[in-house]
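Participant: Sequence first, predicted coordinates after that:
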Amino acid sequence: MTSSASTKPFLRALAGETLTPPPFWLMRQAGRYLPEYRQTRAQAGSFLDLCYNPDLAVEVTLQPLRRYGFDAAILFSDILVVPDGLGQDVSFREGEGPVLTPIRSAMDLDRLDLSGLHRRLDPVYRTVSGLSTAIPPTTALIGFSGAPWTVATYMIEGGGSKDFSQAKRLMWGQPELFARLMDLLVEATGQYLIRQIDAGAEAIQIFDTWAGALPETEFRRWVIEPTRRLVERIRAERPGIPVIGFPRGAGILYETYVRETRVSGVSLDSSVPLDWAAATLQPHCTVQGNLDPILLVAGGEALDAGIDRVLRTLGKGPFIFNLGHGIIPPTPPENVARLAERVKSFKG
Ligand code: CP3
């Protein structure tokens with residue numbers, strides 16, 4: 001079935017239909033704000049053990065669907081399984097976030113190996129195929145990856161970073177080495193996404209969390225160009241699968257990103273003005289977003305007003321309701337229930 005003929009609201013919205021109420025899901029909808037997630041997570045051992053355990057990864061993907069009836073399930077995994085699959089040392093430390101052995105030289109890069117990728121990531125593909133039969137019939141299944149630039153920042157910095165100084169020094173100081181790393185990531189990510197589609201993913205989201213850290217010239221070269229190549233490859237090899245891009249922090253470059261990558265949908269961070277997005281982006285593609293995730297912690301009338309503003313402005317065109325970034329751990333689950341009720345009862 002082509003996506004435009006789908007009965008799944010999420011896929012219909014991505015095919016360009018305006019739906020009232022709009023379909024909705026939330027980034028990081030499976031996570032530590034849910035007690036049942038924390039329990040399964042403790043049972044799994046480490047975070048990566050959870051990502052590589054198909055039964056438990058299916059379970060945590062389903063948990064938020066049972067509570068809130070989202071229109072889409074997103075594969076439970078992480079963007080950093082790709083460097084792990086390439087042979088880089090990746091671990092997640094409690095309260096510290098990801099830690100990687102940094103890639104800073106040609107020797108470091110030469111140790112990475114594309115040939116072991118699918119063997120290492122096979123449990124992820126099994127999670128996708130388990131989900132494709134476990135989710136409700138009107139729920140869509142989203143596969144995902146990090147965008148090459150964002151994944152490269154973690155690979156080069158060796159973890160999270162405030163200013164990306166190591167990644168930028170490599171980008172400007174050793175441009176040939178940086179370009180080789182980016183080429184490897186475009187190839188690995190393309191293969192990885194195609195495998196997720198073959199296992200049952202019905203749409204793809206590409207997370208470029210740190211897109212906004214690059215000046216315009218580098219944004220075009222290292223955010224737009226790699227994403228354009230990924231979209232082009234998916235269109236050519238698996239036609240009909242929609243791709244959502246999330247160039248977080250891109251500002252007015254969101255417009256260039258949409259035009260040049262040719263994504264089917266674009267996920268907006270909370271700083272993107274709603275009227276501007278409706279006038280400038282929505283005529284070209286489906287928009288997704290962009291409630292501030294902290295409003296979901298604050299709750300109450302401020303939350304209701306924020307939800308209504310997003311619905312009223314973006315709900316007049318092709319739209320998927322979401323946050324501007326992921327749910328954070330202190331979010332009260334009852335606030336998510338309040339949001340779900342409010343979005344589902346929107347009448348236009
Ligand atoms: O529900 C979903 O959205 C699906 C699962 C998902 C996770 N990570 C699970 C996760 C998705 C889509 C991601 C993407 C991801 N991972 C991004 C891009 C989106 C974004 O949030 O900006 C990035 C930058 C990462 C890298 C990453 N993973 C970091 C920096 C951290 C540590 C910070 C944190 O929140 O702990 C993670 C860990 C992580 N990924 C957790 C989850 C549920 C928490 C780990 C735990 O349970 O201990």
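Facilitator: That came through, no problem.
Participant: and the closest residue to residue 142 other than its chain neighbours, what does it touch?
Facilitator: Excluding its sequence neighbours, the residue lying closest to residue 142 (Cβ to Cβ, 6 or more residues apart in numbering) is residue 74, at 4.4 Å. Heads up, the C-betas are built off the backbone N, CA and C, glycines and all. Residue 74 makes contact with 25, 27, 29-30, 61, 142, 144, 205 under the criterion Cβ atoms under 8 Å, 6 or more residues apart in numbering.
Participant: Which parts of the stretch 1-150 of the chain are strands?
Facilitator: Assigned by DSSP state E, counting those that start in this stretch, the stretch 1-150 of the chain shows strands spanning 72-74, 90-93, 97-100, 140-146.
Participant: With mean pLDDT and distance to residue 111 added, can I get the ones you listed in a markdown table?
Facilitator: Below are these laid out as a markdown table (pLDDT from 0 to 100; distance: least, Cβ to Cβ, whole Å):
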| stretch | mean pLDDT | distance to residue 111 |
| --- | --- | --- |
| strand 72-74 | 98 | 31 |
| strand 90-93 | 95 | 13 |
| strand 97-100 | 97 | 13 |
| strand 140-146 | 99 | 20 |
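Participant: So which residues on the stretch 101-250 of the chain come close to the ligand?
Facilitator: With Cβ under 6 Å from any ligand atom as the criterion, the stretch 101-250 of the chain comes near the ligand at residues 144, 160, 207, 209.
Participant: Give me the buried entries from the residues you listed.
Facilitator: Taking 16 or more other Cβ atoms under 10 Å as the criterion, what is buried in those is 144, 207, 209.
Participant: Give the bridge partners for the first one, please.
Facilitator: So that's residue 144. Residue 144 has the following beta-bridge partners by DSSP bridges: residue 205.
Participant: For residue 342, find the nearest of the strands of the stretch 1-150 of the chain.
Facilitator: Across the strands of the stretch 1-150 of the chain, residue 342 has its closest neighbour in strand 72-74 (18.0 Å, Cβ to Cβ).
Participant: now the helices for the stretch 101-250 of the chain?
Facilitator: Under the criterion DSSP state H, counting those that start in this stretch, the stretch 101-250 of the chain carries helices at the ranges 106-110, 117-120, 122-134, 148-157, 165-173, 175-199, 216-219, 225-237.
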